[in-house]
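> What follows is a predicted protein model with its sequence.
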Amino acid sequence: MNIKIDSNFQFSVLSIQYTPQGELCITLDSDGLSTNAHYQYTASLGNGQAEEKPTTSLLQYCRDYALAADIKDKTKDTYRLMCNHLEAYGDCTIDKVTTSYLQDFITFLQSQGLKNGSVRLYFQKLACVLHDAYKNELFDDRVLQRVKRPKKEQEKKCFLSETELKRLNRHQLSDKYNNIQSMFLFSCLTGLRFSDVQGLRWKDVKRNGKHLQLEFHQQKTDTHERLPLCAEAEALLRSQKHNGKSVFREESNQKVNTVLKRWCKQARVKKPVSFHSARHTFCVLLLTKEVPIYTVQQLMCHSDINTTKVYADLLNKTKAKAVKKLPIIMC
């Protein structure tokens, strides 16, 4: 089918569809122009006026979105990686994005050996871009709504019991690992993430009456937090040398986790411990001591109580498993 827009050029109709705004969108291919560009003419059903809209590459739109968005550098890196996967999968114009195209992209990501969490994350970023395209009247959001996204897997949270934590403390490694051991124990006593422990400055340590508290910027949530310290956490801080602005020396996450595995092996703690296990440990220990869950939520700096409830459910399962070990005496 051909359509004549004016006396100079002929156009072939590639597709005709309705936009979410109820307008008729006609995608045309120019036969008489030197370029291979496609054009869209969106006709309002009321007045029949046409507006020319050049079609846009999905990949380029994703890259432009990431550059323009007011987001952290780490998040920009995630968008960059998503774009790399999208380029390897196969780019198309936004108007050509279908449910099957998006569903196949998820399958492609899974075929690359990515973990379920990474597949979910990359598709979530693509969905954010498509939502933005929808706001700019370039995309039909109903296409995205029909996609079957990979389900979130229940994370297996590794935490240490009070006994295991004491065992670790008794079996210290050589002095060259003091910084890593202190960081881990401090996280077990405060619940701070690795990024926040590494970013902790002496100026963040404030006195509150007779005790110390932390007033710091939480990197993940980009919020300012206040956290009171227990006596052991205070003692750990006092044992650190004031060699600069940072409380702890900078360490790579990979090195820290390698040392932690060696430490656990020496202390005969048979669990797949990583640095984040310290945060899980802090939360579970509080719940074990029957601290109210809403107080735990505040100490963990959780914005959603349901995130904290996951730990409570985990503790209940641990208790149920423990009572099953009781001996049978009535038989």
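Received the coordinates, thanks. This one's a predicted model, so the numbers in the text were calculated from it and none came from an experiment.
> which stretches of the stretch 1-150 of the chain form helices?
58-68, 73-89, 99-111, 116-135, 141-145 (DSSP state H, counting those that start in this stretch).
> which one of those lies closest to residue 269?
helix 116-135 (25.5 Å; CB to CB). Where C-beta positions appear, they are placed from N, C-alpha and C, glycine not excepted.
> how much does the closest one deviate in direction from helix 99-111?
For helix 116-135 and helix 99-111, the angle between their directions (axes from the mean of the first three to the mean of the last three CA atoms, to 10 degrees) works out to 150 degrees.
> Can you tell me what sits against helix 116-135?
Helix 116-135 is contacted by residues 20, 56, 58, 61-62, 65, 78-79, 81-82, 85-86, 94, 97, 102, 105-106, 109-110, 114, 139-141, 143-144, 149-150, 152-153 when judged by CB atoms under 8 Å, 6 or more residues apart in numbering.
> Can you select the buried ones from those residues in ChimeraX?
To isolate the buried ones among those in ChimeraX, judged by 16 or more other CB atoms under 10 Å, type:
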select :56,58,61,62,65,78,79,82,85,86,94,97,102,105,106,109,114,139,140,143,144
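> ok so, going back, in JSON lines, list the helices of the stretch 1-150 of the chain along with mean pLDDT and distance to residue 159.
Supplementary listing: the helices of the stretch 1-150 of the chain in JSON lines, determined by pLDDT from 0 to 100; distance: least, CB to CB, whole Å:
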{"stretch": "helix 58-68", "mean pLDDT": "93", "distance to residue 159": "36"}
{"stretch": "helix 73-89", "mean pLDDT": "94", "distance to residue 159": "26"}
{"stretch": "helix 99-111", "mean pLDDT": "96", "distance to residue 159": "30"}
{"stretch": "helix 116-135", "mean pLDDT": "94", "distance to residue 159": "19"}
{"stretch": "helix 141-145", "mean pLDDT": "93", "distance to residue 159": "37"}
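> So for residue 243, which of the ones you listed sits nearest?
Ranking the helices of the stretch 1-150 of the chain by their distance to residue 243 (criterion: CB to CB) puts helix 73-89 first, at 27.3 Å.
> Who are the packing partners of that closest one?
Using 3 or more CB pairs under 8 Å, 6 or more residues apart in numbering; DSSP states H and E as the contact criterion, the secondary-structure elements in contact with helix 73-89 are helix 58-68, helix 99-111, helix 116-135.
> let's go with 6 Å and repeat that
Secondary-structure packing of helix 73-89 (3 or more CB pairs under 6 Å, 6 or more residues apart in numbering; DSSP states H and E): helix 58-68, helix 116-135.
> and the angle from it to helix 99-111?
Taking the same axes, to 10 degrees, one finds that helix 73-89 is oriented at 110 degrees with respect to helix 99-111.
> mind starting the numbering at 24 from now?
Happy to do that; since the first residue is 24 now, the last one works out to helix 96-112.
> From the chain's centroid, how far away is helix 96-112?
14 Å (CA atoms, centre = their mean, to the nearest Å).
> any idea how far stretch 269-277 is from the chain center?
The chain centroid and the centroid of stretch 269-277 are separated by 22 Å, computed with CA atoms, centre = their mean.
> Would you mind listing the outside residues contacting that stretch?
If you take CB atoms under 6 Å, 6 or more residues apart in numbering as the criterion, stretch 269-277 is touched by 202, 203, 206, 217, 223, 225, 263.
> Give me the buried positions along it.
By neighbour count, with 16+ other CB under 10 Å as the criterion, the buried positions of stretch 269-277 are 269, 270, 271, 274.
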